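Trainee: The following block contains a protein sequence and its predicted model.
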Amino acid sequence: MSKESMSRRMALGAGFGALTAMAALPPIESAQAAAVPSPQSDATIRQYYAAWEKMDWRPLDALLTDDFTFTSANNDDHINKTAFKARCWESQKNFIERFDLQKVFGQGNEAFVLYLGRTKNGKTFRNVEYLRLRGDQVEAIECYFGAQSSFPSAVSAEQG
């Protein structure tokens, strides 16, 4: 029996494909009611993405819990707030213009956000993020990148 392996990027891509397909399905009334975050969670989520546009760490920091963690396929495995600031915020704050939230759905203190990121040099990228909230703060984020060719970040070879 042969053993096949799947890279983390392939697994995340497959997950994103499934999530995209799921989002395209017509809503089921009983599921639709459970797919809307609470007004408080929705407001916190929108404040988080809007805080990136201010290019000021303080508003973003205030929205993250002290024990905040961030995970992505970019070698970020439950990094803490200090590492998130150094690795993600500092490298991206002058690069990201805004986030256009396309879908926000979830239940209770959990939500998935599909967004189109817009860079200051006119490029776009699409990601899905899973957010776990605590009160009016973000406790954890897991970021699932879109296709590599559409991920223009400061850590990419071509930021131009």
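Mentor: It's in.
Trainee: Helices of this protein, start to end?
Mentor: 8-24, 29-34, 39-53, 57-63, 81-84, 90-92 (DSSP state H).
Trainee: Out of these, name the one with the poorest average pLDDT.
Mentor: Comparing mean pLDDT over those, the weakest stretch is helix 29-34, at a mean of 50.
Trainee: OK, contacts around the spatially most central residue of the chain?
Mentor: Nearest to the mean C-alpha position of the chain, by C-alpha atoms, centre = their mean, lies E129 at 2.9 Å. Residues in contact with E129 (C-beta atoms under 8 Å, 6 or more residues apart in numbering) are F112, V113, Y115, I141, E142, C143, Y144. All C-beta atoms are positioned from the backbone trio N, CA, C, and that covers glycine.
Trainee: Identify the bridge partners of V128.
Mentor: L114, Y144 (DSSP bridges).
Trainee: And for the one 5 residues further on?
Mentor: Note on L133: beta-bridge partners by DSSP bridges are V138.
Trainee: Top of the contacts of E129 by number of neighbours, please.
Mentor: Greatest neighbour count in the contacts of E129, by other C-beta atoms under 10 Å, goes to V113: 23 neighbours.
Trainee: any idea how far that one lies from A86?
Mentor: Shown here: V113 relative to A86, a distance of 23 Å by C-beta to C-beta, to the nearest Å.
Trainee: go on, N94?
Mentor: According to C-beta to C-beta, N94 and A86 sit 15 Å apart.
Trainee: ok so, going back, which pair of the contacts of E129 spans the longest distance?
Mentor: Y115 and E142 (14.0 Å; C-beta to C-beta).
Trainee: For the residue nearest to I79 when sequence neighbours are not counted, list the residues it contacts.
Mentor: Ranked by C-beta to C-beta, 6 or more residues apart in numbering and with sequence neighbours excluded, the top spatial neighbour of I79 is F70, at 5.3 Å. Going by C-beta under 8 Å, 6+ apart, F70 touches D76, H78, I79, A83, F84, C88, A140, I141, E142, C143.
Trainee: any idea how far the fifth one lies from N74?
Mentor: In this structure, F84 lies at 12 Å from N74, with C-beta to C-beta as the measure.
Trainee: which of these two has more neighbours?
Mentor: Taking other C-beta under 10 Å, F84 and N74 do not tie; F84 has more neighbours (20 against 15).
Trainee: any idea what sits nearest that one, other than its immediate chain neighbours?
Mentor: Of all residues not flanking F84 in the chain, F70 sits nearest, at 4.5 Å (C-beta to C-beta, 6+ apart).
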